[in-house]
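Engineer: Requesting a structural model of the entry that follows:
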Amino acid sequence: MKTTKISVIAGLAIGVLTSGATMTVHAQEAKEECSLRIATGPASGVYTQLARDIQKVCGKAASVCQVPSTGGLQNLMLLSASEADIGFVQVDVLQQMAKEGDQNIQELQAVMPMHANLLHVITKTDGSVVGANKWNPMSGEQLVYRKFSDLKGAKVATVGSAQALGQALERQLGYGMGFVLANTDDEAIKMLQSNQVQAVFTTGGWPYPSVSRHASTSGLMLAEYDLSPQTPLTTTKRNYTNLGAYNYRFLSAPNLLVTRPFKPTGEKGKQVAALQNCIASHMDELQEGQYHAAWKEVRNVGDTLGITRYGKSDVTKATVRTATR
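Structural biologist: Prediction:
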């Protein structure tokens, strides 16, 4: 299936408008007294947990308050609309949206690198019925999707940043996948269970709560990524014992904490610099303390993956200390 540039942009715009109908309300919910508004994600997501860690460790340096969202794609919209000051985004989604021409997104700068988001491909253990005639319940074929390469012609529910990632993979592979936007992971799973789709694409850091909460008796499983990734994407092996996934290969996309291009001498710019320095200088605490496991993935706090870096904070010591982990 070929997707034109116009249709891709339209699809992303419609999806963001649909899933982000409450974007302004969310932004207004952010505490006005905080120094920086940070665009995160769903309440149970990893972005949200990392923001809590940042506030706990660096709240005295620069207090942050969360602006909830559906994930990295909507975070870009929040930053572009000045409804957030900093936020978490996937590098591939940032590059894609900047390339399409939003100047506000093009001008975003990297505060520091973060963990990688895994593409979780959720399917049904007993397979999905495809090609069924609605007048004949016994028609159709039961297909089990165990690998990503099995998804040719499949209908997929996408959540958050997986919307942009799914369309990018379709352009690359030409699998003929059809996408349906789901506002939440729960909504996507309901679509899968009711046979509206054959797979769910959702992205998040490991372990992703929306995946790890499903029991082995749920009738759900993870499909392993069995293709070669294109830069900046890589593959990562992880375990989800609850779904019987041991050393499974996942497509992974690096994340960044990004900021609007504030003037270094301005109040917001000073707060971003203070937060940047605080996170870098407390990386050992974040990686070794009782914080989210995603912090352990940060190897070099100065490596912003080709995205223009904000400011000139002193990260040399932290870089050397974490690079050998």
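Engineer: residue ranges of the strands in the chain, please?
Structural biologist: Along the chain, counting by DSSP state E, strands occupy 36-39, 64-67, 86-90, 109-124, 128-130, 141-143, 155-159, 178-182, 199-204, 220-222, 234-240, 245-259.
Engineer: how far out from the middle of the chain is the longest one?
Structural biologist: It stands for strand 109-124. 5 Å (CA atoms, centre = their mean, to the nearest Å).
Engineer: Mind listing what's buried along it?
Structural biologist: 109-124 (16 or more other CB atoms under 10 Å). All C-beta spots, glycine's among them, are computed from the backbone N, C-alpha and C.
Engineer: Indicate which one of the strands of the chain is closest to E170.
Structural biologist: Judged by CB to CB, the one of the strands of the chain that comes nearest to E170 is strand 178-182, at 7.6 Å.
Engineer: strand partners of that closest one, parallel vs antiparallel please.
Structural biologist: strand 155-159 (parallel) (DSSP bridges).
Engineer: Output the partner strand as PDB, nothing but the C-alphas.
Structural biologist: Extracted in PDB, the C-alpha atoms of strand 155-159 (Å, rounded to 0.1, in the frame of the first residue of the first chain):
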ATOM      1  CA  LYS A 155      -5.500  -4.000  10.500                       C
ATOM      2  CA  VAL A 156      -3.800  -2.400  13.400                       C
ATOM      3  CA  ALA A 157      -4.900  -0.200  16.300                       C
ATOM      4  CA  THR A 158      -2.200   2.400  17.100                       C
ATOM      5  CA  VAL A 159      -1.800   4.300  20.400                       C
END
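Engineer: Need the contact partners of it.
Structural biologist: 15, 70-71, 165-166, 177-185, 187-188, 191-192, 196-203 (CB atoms under 8 Å, 6 or more residues apart in numbering).
Engineer: out of the strands of the chain, which comes closest to Q287?
Structural biologist: strand 109-124 (10.9 Å).
Engineer: Let me know the average pLDDT across the closest one.
Structural biologist: Averaging pLDDT along strand 109-124 gives 98.
Engineer: Make 41 the first number, not 1, from now on.
Structural biologist: Will do, 41 is the new start, and the previous item becomes strand 149-164.
Engineer: Taking strand 195-199 as reference, get the angle to it.
Structural biologist: 140 degrees (axes from the mean of the first three to the mean of the last three CA atoms, to 10 degrees).
Engineer: now the helices for the stretch 241-365 of the chain?
Structural biologist: 249-252, 307-321, 323-328, 356-363 (DSSP state H, counting those that start in this stretch).
Engineer: which helices and strands sit right next to the first one?
Structural biologist: Read that as helix 249-252. Contacts defined by 3 or more CB pairs under 8 Å, 6 or more residues apart in numbering; DSSP states H and E place helix 249-252 against strand 149-164, strand 239-244.
Engineer: Now for Q212, how many residues are close by?
Structural biologist: Close neighbours of Q212, defined as other CB atoms under 10 Å, add up to 12.
Engineer: Kindly apply the preceding question to F219 instead.
Structural biologist: Count around F219 with other CB under 10 Å applied: 20.
Engineer: G346: which of the helices and strands packed on helix 249-252 is closest?
Structural biologist: Closest among the helices and strands packed on helix 249-252, once you apply CB to CB, is strand 149-164, at 9.0 Å.
Engineer: what residue ranges in the chain score low on pLDDT?
Structural biologist: 41-72, 177, 352-365 (pLDDT under 70).
Engineer: if you set the cut-off to 50 instead, what comes out?
Structural biologist: 41-51, 53-71, 353-365 (pLDDT under 50).
Engineer: got the contact list for the residue nearest to V169 when sequence neighbours are not counted?
Structural biologist: Counting by CB to CB, 6 or more residues apart in numbering, V169 lies nearest to G180, which is 4.4 Å off, once chain neighbours are set aside. Contacts for G180 (CB under 8 Å, 6+ apart) come out as V169, V170, G171, A172, N173.
Engineer: Pick out the most distant pair among those residues.
Structural biologist: Longest span within the contacts of G180, CB to CB: V170 and N173, 11.5 Å.
Engineer: thinking again about what came up before, now that we have the contacts of strand 195-199, which of them are buried?
Structural biologist: 55, 110-111, 205-206, 217, 219-225, 228, 231-232, 237-243.
Engineer: Does N173 touch E181 like I think?
Structural biologist: No. Using CB atoms under 8 Å, N173 is not in contact with E181; the gap is 11.5 Å.
Engineer: Right, I'll call it a day here.
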